[in-house]
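Engineer: generate a structure from the sequence data that follows.
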Amino acid sequence: MKRGDGSDVSAKWRLSDLAARVVGGDAGPEELFEAFLAATVFCERPDRPGFLAVGGPGDGIIPVFSSMEELAAYAARRPAYQRTGCDWFSTIGRDLLGLLPDGYDLLLNPASDHALRLRRHAWQRRPTIHVSRSSSVRSGGSS
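Structural biologist: Residues are numbered from 1 along each chain as shown. Take a look at the predicted model:
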């Protein structure tokens, strides 16, 4: 499997399975994150380019789905979609993370028993510097 390029068609199913395992305490967040990066994920498509969000920046969420079936289950619960259906788009999880607006978390599979809120700060990378001092390293100077 090539990570992050969507070549693993089963990645979306694995993401859903892993979410259920994380909720049950049988898998860790690192496994879920790796699966999310490689999976094709689905989102509701708003009328204008961007994401359909619930709430505002700082505490808002963007629903994201691991499969068309998960998206359909969510849309079926919303009266606005019962007659017209739901417009959607898909992308790779890795790409989705790079497109999200500031101040929003993801809610994975919100209509399922294993819905998970993926907090933005958990996947943001911040530069760090590690300093190590060793007694075998000597400062420059003449002997």
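
Engineer: regarding E30, what is its secondary structure?
Structural biologist: helix (DSSP: H, G, I helix; E, B strand; the rest coil).

Engineer: cool, and the one 5 residues further on?
Structural biologist: Classification of A35 into helix, strand or coil gives helix, according to three-state DSSP.

Engineer: how close does it sit to P49?
Structural biologist: 27 Å (Cβ to Cβ, to the nearest Å). (Each C-beta comes from the backbone N, C-alpha and C, glycine too.)

Engineer: more neighbours: which of the two?
Structural biologist: A35 (24 against 7; other Cβ atoms under 10 Å).

Engineer: report pLDDT for that one.
Structural biologist: pLDDT, A35: 91.

Engineer: how far is stretch 64-82 from where the chain is centred?
Structural biologist: 17 Å (Cα atoms, centre = their mean, to the nearest Å).

Engineer: so what touches that stretch?
Structural biologist: Residues from elsewhere that reach stretch 64-82, judged by Cβ atoms under 8 Å, 6 or more residues apart in numbering: 12-13, 15-16, 19, 39, 41-44, 63, 85-86, 88, 96, 106-112.

Engineer: many thanks, have a good one.
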